[in-house]
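[1] based on what follows, work out the 3D shape:
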Amino acid sequence: MIDYNKFLSPKVTALPKSGIRKFFDIAEEMKDVTSLTVGEPDFDTPWHIREEAIESLKKGRTKYTSNLGTLELREEIDRYLTRRFYLPYNPQNEILVTVGGSEAIDLAIRTIVAPGDEVVIVSPSFVCYAPIVSLTGGVPIIIETKAEDDFKLTPEALKAAVTDKTKLLILPFPSNPTGAVMEREALEKIVPIIIESNIMVLSDEIYAELSYGSKHVSIASLPEMRERTILVSGLSKSYAMTGWRIGYVCAPEPVAAQMMKIHQYAIMCAPSTSQYAAIKAFRDGDEDIEYMSSEYNGRRKIIYAGLKQIGIECFEPRGAFYIFPSIKKFGMSSEQFCEKLLYEEKVAIVPGNAFGACGEGFVRISYAYSVSHINRALEKMELFVKKL
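    Next up is the predicted model:
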């Protein structure tokens, strides 16, 4: 009998499983569950984008591309970022096409972080940051944001977290799971600390196009910040292209060149069919973005008002497609609340502690679902809350 524990990496075995998938998997095995667990657009990828991918297959464009991604796609990424966020990058050596935004995050962390380096992570946040930092031998330093601060990173909290060992700040706005955003004014307050401390920033902007009430501002667009920012993003959320697995990372050339080496050895290149679809999305997809963003904004208003009406307190999200209500007054942990709701009313949501310890007492609800689906979930949640 083989003892596999002797072979498995202790760093890997020590990693927790994703708390997001736990309730999703349970819900998948139950009948008639109304799930609000997954952050995936319920829209189909716009037809003109799918059609372009089909056309690329008809033409036999199924070979490897450049490791960086096709030059045509990199040029479209540059035009898109310039057009939408006034943030140009050199397509030749500052843009790398990746397998989703997830690979871009992994590349950025592995390129910057050496064993013993401290990485400041704003929490609650997406589940992958701390595990990847740990796998590199880095040390995650968690900044717990608060509802009373609109879940924003404050300059006071950042200053307290930075030491002479800090090398990287991970800035995840608009935020999954809270829906918080960092407007220009909020970003400008933390820039002096970043510059004074001489650290890099990994800015995860996958939800940049889903900002409501104000235009998204990238920290890379602020004075002196482009040179110390690694911007990661992708097409999954804004163009409803989750399964296409296409993302990108933009960084100063000396950093991008090192990321390219990891990508070259581990991945080779992003799927060619997805790259041709992405070219079409960036070139002709602005109207798709506006339509879907408007739809999400309508759903945001419905779920925010609905939760308040049934007596669940919540911060009003300003970005992404999640809401992060507090369930503290019900006297249960986040997991207990979610389990009870799932088994009694067959509504699946995600415990807030899946996104960091400071998420305890909250739950994450995705509104990337149809209005009818959201309303059905709210009706069941109202019954649940009345019983409590």
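[2] list the buried residues for stretch 212-221?
    Y212, H216, V217, S218, I219, A220, S221 (16 or more other CB atoms under 10 Å). In this view, the C-beta of every residue, glycine as well, is placed from N, C-alpha and C.
[3] dump the residue contacts of the second one.
    Remark: with contacts taken as CB atoms under 8 Å, 6 or more residues apart in numbering, H216 is in contact with F85, P174, V181, E205, A208, E209, G319.
[4] turn the residues you listed into TSV, including neighbour count and secondary structure.
    Listed next are the contacts of H216 as TSV, based on neighbours: other CB atoms under 10 Å; DSSP: H, G, I helix; E, B strand; the rest coil:
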residue	neighbour count	secondary structure
F85	19	helix
P174	26	coil
V181	26	coil
E205	24	coil
A208	24	coil
E209	24	coil
G319	25	strand
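[5] helices of this protein, residue ranges please.
    Secondary structure of the chain (DSSP state H): helices at 10-13, 19-28, 47-58, 71-85, 100-112, 129-135, 155-161, 184-197, 253-266, 272-284, 286-309, 334-345, 371-387.
[6] so what's the residue count around the residue lying closest to A53 once chain neighbours are set aside?
    Leaving aside its sequence neighbours, A53 sits nearest to A277 (CB to CB, 6 or more residues apart in numbering; 4.0 Å). Burial of A277 is recorded as 28 neighbouring residues (other CB atoms under 10 Å).
[7] please report how far A277 lies from A240.
    To A240, A277 is 11 Å away according to CB to CB, to the nearest Å.
[8] need the residues touching each of these two.
    T45.
[9] and the angle for the lowest-mean-pLDDT helix or strand in the chain with helix 334-345?
    Taking mean pLDDT, DSSP states H and E as the measure, the chain has helix 19-28 as its least confident helix or strand, at a mean of 73. For helix 19-28 against helix 334-345, the angle by axes from the mean of the first three to the mean of the last three CA atoms, to 10 degrees is 10 degrees.
[10] tell me how far helix 19-28 lies from the chain's centre.
    18 Å (CA atoms, centre = their mean, to the nearest Å).
[11] ok, now stretch 46-66?
    26 Å.
[12] for stretch 132-144, same thing?
    17 Å.
[13] let me see the mean pLDDT of that stretch.
    Mean per-residue pLDDT for stretch 132-144: 97.
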